[in-house]
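1. Structural data only, the sequence is not supplied:
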């Protein structure tokens, strides 16, 4: 039964992975026959390529900001929507809705919202008296924050996971704490939070991996306005840089090397995440 | 008695019939694949393809349409996969990259010289499609850098219209005078646009000041030379010193179309179609002003068609390329709104009546235009390595020397590595 699965994995996943590893040691550029260049692609990326470290920095800032804000937003909204409030079902649907939109479609939509001259957001800001609102997509300072805001908009997936966890939390503990006179904060910190830590860990891991691989939002954002990578490379995400090298300029060897560096970095970060989780995730084996 | 089917025999018959069908198609009709970048000219191009089909019933032309902004990725992917289309669009900055895959058409040009009528092409266009005495593609239209101006805004300010004798100083003086502010101090009319996001304007100004992007062998970037710095400084000063062009993110997003810019420096001829559709936009063109080196510095690039080296239908593909650069096709392109590459079409009455009316300026611009660097990596270096520094110079006010030094350092580092595909 599992033979077809293994065969499929070998042909369509591990096979191409091995090929890309081999490519990363060549100067394949689709023009001339590729030749072996050893570690030259890795050396160029790490020491000479002016865009490599910039894309690492952009992706790092984006990951830190979007993961933190995304977790905060999803947890806060999940806590609110776990209360007995009117139209709870409708709000849950509305908050989850952006998650099912294709990232490219939402990228185009947000590019319109953030458009500096005629965009929706700056139109509103001008109406409330902001004389010189940020140039968002055209500004090296504001382009990345705009993408972070856009990413937080899609917190619905993590919110649903938190909601499921909150509904599983034993109610009798809350009732007992209330009888003992515990404050809302105390109940959250002592009862709710420990129960949620495995889910926080899950959402943290998944969103960290997702944000390090972010591509389509920045691609759609750039092609709708200032160009791929944004102004002054302000939104040049790592994978966008990789895509440009591969399919913009056909440096396949370089792009393959970038892909392997990312693979190792994500694996290392995830390993660190797992190691650290033993200290704060309830139920994680020490 | 039941007879069981003989599977090997069935397979053999199927294979034989498919080969036979293929052979039959090959014998009767020539199959040519044309990779077409979808633009708003699609109905016009399809009309020409129908005309070609009527003239050549023996040629089966398969049009594979690709969105214009994905065309380069598509063509490069097909080339990399070893399956290039027979005919594709080239002739601009992408040609140095594609050159190893483009067929030399010189022998066919020589054979059909009379039919093609090479003397009918503008001399500047002929020079652009003749690469080292070889011909690799034939043109449909061209793009050349021009100075666009809004006649209404010039009239309102009692400003004399731009002339072919203008220098950068004349342009800047007029730009400052044409910049008008409202009662709240905000600019309501800008003297000029500033082209951001690509090399269209800054490289023109570098040329105009006597500088260049690379040395001749494309081994060293020369954007930090005094001449290049003069050009880049003029570019930056349009925003920060002279104040007649908006910083990125300011000014109307529709640019010159908005009727709030008196001039557009280095605008594309591709803009003609959209400008003509705006009833209250009263516009015309002039050749770019001359820089301190006496050069206008604009670029000329062709929209042309070439044939793949790998094509097995070279002759049939050539018939199509020749048709699409013939007088009938060029007239269709010109009527649609593109500048005419053939003088006989430019001499037709309809052409003179279509805006822009100052067509002589087009010829001056063509004759003074300069080719883009003949380097496969030109676009990569210009857009990925230099442009970010230019962006920072315009958006953040980074000093010209610092931006040029950083850009040159990045480009040189790239040119020294095995990643670079080298010069011409």
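-> Right, received. Where do you want to start? It should be emphasised that the depicted structure is a prediction, and the values quoted were computed from it without experimental measurement. Numbers count the residues shown, from 1 in each chain, chains lettered A, B, ... in the order given.

2. Just give the nearest non-adjacent residue to whatever residue of chain A ends up closest to chain B, would you?
-> Here chain A gets closest to chain B at one residue, residue A:135, 2.6 Å apart by CB to the nearest CB. From N, CA and C alone the C-beta is placed, and that goes for glycine too. Spatial nearest neighbour of residue A:135, chain neighbours left out: residue B:249 (2.6 Å); criterion: CB to CB, 6 or more residues apart in numbering or on different chains.

3. so the one you found sits right up against residue A:116, yeah?
-> Yes - if you go by CB atoms under 8 Å, residue B:249 and residue A:116 touch, sitting 3.9 Å apart.

4. Who has more neighbours out of those two?
-> Higher neighbour count among residue B:249 and residue A:116: residue B:249, with 26 against 22, using other CB atoms under 10 Å in any protein chain shown.

5. what pLDDT, on average, does stretch B:28-48 get?
-> For stretch B:28-48, mean pLDDT is 94.

6. Without its sequence neighbours, what residue ends up closest to residue B:44?
-> In space, residue B:44 is closest to residue B:336, 4.7 Å off (CB to CB, 6+ apart).

7. From residue B:64, how far off is that neighbour?
-> 21 Å (CB to CB, to the nearest Å).

8. the more surrounded of the two?
-> Applying other CB under 10 Å to residue B:336 and residue B:64 shows that residue B:336 carries more neighbours, namely 17 against 12.

9. where does that one sit relative to residue B:365, distance-wise?
-> 21 Å.

10. wait, residue A:52 sits on residue A:46?
-> Yes - Residue A:52 is within contact range of residue A:46, at 6.9 Å (criterion: CB under 8 Å).

11. of these two, who's got more company?
-> Between residue A:52 and residue A:46, counted using other CB under 10 Å, the more crowded position is residue A:52 (22 against 14).

12. At the geometric centre of the chain, which residue do we find?
-> Looking at chain A here, since you left the chain open. residue A:211 (2.0 Å; CA atoms, centre = their mean).

13. Correction: the question concerned chain B.
-> Mean-position check on chain B, CA atoms, centre = their mean. Result residue B:301 at 4.7 Å.

14. hang on, the earlier thing: so what sits against both of residue B:249 and residue A:116?
-> A:135-139 (CB atoms under 8 Å, 6 or more residues apart in numbering or on different chains).

15. List phi and psi for residue B:151.
-> phi -60, psi -40 (degrees, to the nearest 10).

16. how many other residues sit next to the closest residue to it other than its chain neighbours?
-> Excluding the flanking residues, the one nearest residue B:151 by CB to CB, 6+ apart is residue B:282, at 4.4 Å. By other CB under 10 Å, 16 other residues sit near residue B:282.

17. OK, contacts around residue B:282?
-> B:150-152.

18. Mind putting these into a markdown table with pLDDT and neighbour count?
-> Below are these laid out as a markdown table (pLDDT from 0 to 100; neighbours: other CB atoms under 10 Å in any protein chain shown):
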| residue | pLDDT | neighbour count |
| --- | --- | --- |
| B:150 | 98 | 22 |
| B:151 | 98 | 13 |
| B:152 | 97 | 14 |
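
19. ok, of these, which one's closest to residue A:179?
-> Here the nearest of these to residue A:179, counting by CB to CB, is residue B:150; it sits at 77.5 Å.

20. Which element, helix or strand, includes the closest residue to the closest one other than its chain neighbours?
-> Leaving aside its chain neighbours, residue B:150 sits nearest to residue B:262 (5.3 Å; criterion: CB to CB, 6+ apart). Using DSSP states H and E, residue B:262 sits in strand B:261-267.

21. distance between that strand and the chain's centre?
-> 18 Å (CA atoms, centre = their mean, to the nearest Å).

22. List the neighbouring strands of it plus their orientation.
-> Note on strand B:261-267: by DSSP bridges, its sheet partners are strand B:146-150 (antiparallel), strand B:187-192 (parallel).

23. after the shortest one, next one along is what?
-> This means strand B:146-150. Taking DSSP H and E, what comes next after strand B:146-150 is helix B:151-156.

24. can you count the residues close to residue 255?
-> Picking chain A for this. The burial count for residue A:255: 24, using other CB under 10 Å.

25. Chain B, not that one
-> With other CB under 10 Å as criterion, residue B:255 counts 19.

26. Tell me the pLDDT of it.
-> pLDDT at residue B:255 comes out at 91.

27. How about residue B:298?
-> For residue B:298, pLDDT reads 95.

28. nearest residue to it other than its sequence neighbours?
-> Residue B:298 sits nearest to residue B:145 (CB to CB, 6+ apart), 2.9 Å away.

29. how many other residues sit next to the one you found?
-> Neighbour number of residue B:145 under other CB under 10 Å is 27.

30. correct me, but residue B:143 touches residue B:300?
-> Yes - under the criterion of CB under 8 Å, residue B:143 makes contact with residue B:300 at 7.2 Å.

31. so where's the stretch 101-250 of chain A uncertain?
-> By pLDDT under 70, the low-scoring segments of the stretch 101-250 of chain A are A:223-227.

32. Which positions in the stretch 101-250 of chain B make contact with chain A?
-> By CB under 8 Å from any CB of the partner chain, the residues of the stretch 101-250 of chain B that approach chain A are B:196-198, B:247-250.

33. Now the two most distant members of these.
-> So, those by CB to CB: farthest apart are B:198 and B:250, at 18.6 Å.

34. So in that sheet, which strands flank the helix or strand encompassing residue B:32, and in what orientation?
-> Assigned by DSSP H and E, residue B:32 belongs to strand B:30-38. Strand pairing for strand B:30-38, determined by DSSP bridges: strand B:59-67 (parallel), strand B:87-90 (parallel).

35. which is the next helix or strand following that strand?
-> Under the assignment DSSP H and E, the closest C-terminal helix or strand after strand B:30-38 is helix B:42-55.

36. so what secondary structure elements neighbour that next one?
-> With contacts taken as 3 or more CB pairs under 8 Å, 6 or more residues apart in numbering or on different chains; DSSP states H and E, helix B:42-55 sits against strand B:30-38, strand B:59-67, helix B:314-324, helix B:327-336.

37. Can you give me the buried ones in the last one?
-> Think helix B:327-336. For helix B:327-336, the neighbour count (16 or more other CB atoms under 10 Å in any protein chain shown) marks B:329-334, B:336 as buried.

38. Name the residue of the stretch 151-300 of chain B that lies nearest to chain A.
-> Counting by CB to the nearest CB, the stretch 151-300 of chain B gets nearest chain A through residue B:249, at 2.6 Å.

39. Can you pull the phi and psi angles for residue B:342?
-> Per-residue torsions, residue B:342: phi -110, psi 140 (degrees, to the nearest 10).

40. List the residues that contact the one residue in the stretch 1-150 of chain B that gets nearest to chain A.
-> Nearest residue of the stretch 1-150 of chain B to chain A, counting by CB to the nearest CB: residue B:80, 3.5 Å away. Applying CB under 8 Å, 6+ apart to residue B:80 gives the contacts A:30, A:250, A:252.

41. go on, residue B:315?
-> residue B:30.

42. likewise residue B:65?
-> Applying CB under 8 Å, 6+ apart to residue B:65 gives the contacts B:36-38, B:42.

43. From the residues you listed, keep the buried residues only.
-> Looks like the contacts of residue B:65 have B:36-37 buried, using 16+ other CB under 10 Å.

44. Tell me which two of the contacts of residue B:65 sit farthest apart.
-> Most distant of these, by CB to CB, are B:37 and B:42, 9.6 Å apart.

45. For the residue nearest to the centre of chain B, which three-state class applies?
-> strand (DSSP: H, G, I helix; E, B strand; the rest coil).

46. Quick check: it touching residue B:378?
-> No - contact between residue B:301 and residue B:378 fails when scored by CB under 8 Å: they sit 11.6 Å apart.

47. Sounds good, over and out.
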